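after the sequence you'll find the predicted model.
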Amino acid sequence: MSDYRVLYLGTPDFAVPALRALAERGYQLRVITQPDRPTGRKRLLTPPSVKQEALRLGLPVLQPERLKTPEVREYVASFSPDVMVTAAYGKILPEWFLEMAKQGGLNIHASLLPRWRGAAPIQRAIMAGDTVTGVTLIQMVRELDAGPILAAAQTEIAANDNVETLHQRLAEMGAQLLIQYLPNYLAGCCKLQPQPAEGVTYAERILREDEWIDFCQPACQVDCQIRALTPWPGASVMVESEPMKLWNARLLETVIPAKAVPGEVVMNGNLVSVACGDGRWIELIEVQPSGRRRMPADAWMRGLNGRQVIFSCKDGHP
């Protein structure tokens, strides 16, 4: 077992591989994560992924709503951590809190900083059509994701990557990066590089308005937006005044006939496709009409009994 004490703060699936890697290498660990939250249609109280993994590993877990409480101070002070490690914890750590660890804090961030600081770096990278992204290990400072860089690793964003596939890959990369560089950081023999002032962008949280697809846009942009919303929260369109989710789609190279208008849905055999503003197609693979289960796009079209469908533009969403 390592003599080093690591206070680990993380919440969703993204933070699980790094926690597991630290435990496997014998670091002494305590965990802080977000409280259990209601999820799903039945709003069942569900523990975050990091809590589930911590309990599986037999680690102490604290789930405060706020960090500034006597309970949190005692939990951290009694552990006397050498370092704090965060990965998608969900809250900004105050400076006084970071000072409770002898060597401050390290953060695993899912982008190649300084591009895509903020809450939704994976979604925003796909949505923007980036071809490369990665993970960056930074020392934590007061300003959001602005600390000096300890290490970074990059990966290509493939044409078929969505949030789920890229999320999983980056989570594993982040764990490997942490395990590779943490020993030298703790030993005080790592050189930190300040982030460049050029190229700073911010990954704002995905809002409800980001979910609506406007097929008047070029097909590449539509494709990126759908993949950036798959599998959560899902891309949305309006069909006969009702919202519908597009859960799976892909870009086609076929040129549409001149008579097709943007948003028009056409079925050819089992192929269901939508015309975009630049004369290219998006194939629909899986959809979910309002109040119904997910289904193959061709099954949904057959259920319309030949009715023409033209998706409303983004500006027409409710």
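Received it, and whenever you're ready, just let me know what you need. A quick note: this is a predicted structure, and the numbers were derived from the prediction, not measured.

which other helices and strands does the helix ranked longest in the chain contact?
Criterion DSSP state H: the longest helix present in the chain is helix 163-186. When contacts are defined as 3 or more CB pairs under 8 Å, 6 or more residues apart in numbering; DSSP states H and E, helix 163-186 packs onto helix 16-24, strand 83-87, strand 105-109, helix 121-127, strand 132-139, strand 149-156. For the C-beta atoms, the positions are set from N, CA and C on the backbone; glycine is no exception.

could you dump those to a markdown table with mean neighbour count and mean pLDDT?
Converted to a markdown table, the helices and strands packed on helix 163-186 look like this (neighbours: other CB atoms under 10 Å; pLDDT from 0 to 100):
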| stretch | mean neighbour count | mean pLDDT |
| --- | --- | --- |
| helix 16-24 | 21 | 98 |
| strand 83-87 | 25 | 98 |
| strand 105-109 | 24 | 98 |
| helix 121-127 | 25 | 98 |
| strand 132-139 | 23 | 98 |
| strand 149-156 | 16 | 98 |
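
need the ones you listed in TSV with distance to Glu283, can you?
As requested, the helices and strands packed on helix 163-186 are exported to TSV (distance: least, CB to CB, whole Å):
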stretch	distance to Glu283
helix 16-24	33
strand 83-87	35
strand 105-109	34
helix 121-127	18
strand 132-139	25
strand 149-156	23
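
which one of those lies nearest to Arg208?
helix 121-127 (13.6 Å; CB to CB).

mind listing the helices for the stretch 201-318 of the chain?
219-228, 297-302 (DSSP state H, counting those that start in this stretch).

deepest of those, which one?
helix 219-228 (a mean of 22; mean count of other CB atoms under 10 Å).

quick one, it and helix 163-186 angle?
70 degrees (axes from the mean of the first three to the mean of the last three CA atoms, to 10 degrees).

my guess is Ala87 contacts Ile108. True?
Yes: with contacts counted by CB atoms under 8 Å, Ala87 reaches Ile108, the gap being 4.2 Å.

spell out which residues are contacts of both of these two.
Here Ala87 and Ile108 have 15, 18, 174 as joint contacts, going by CB atoms under 8 Å, 6 or more residues apart in numbering.

skipping its backbone neighbours, what lies nearest Arg124 in space?
Excluding the flanking residues, the one nearest Arg124 by CB to CB, 6 or more residues apart in numbering is Ala203, at 3.9 Å.

give me the beta-bridge partners of that neighbour?
Note on Ala203: beta-bridge partners by DSSP bridges are Gly118.

so what's the residue count around it?
22 (other CB atoms under 10 Å).
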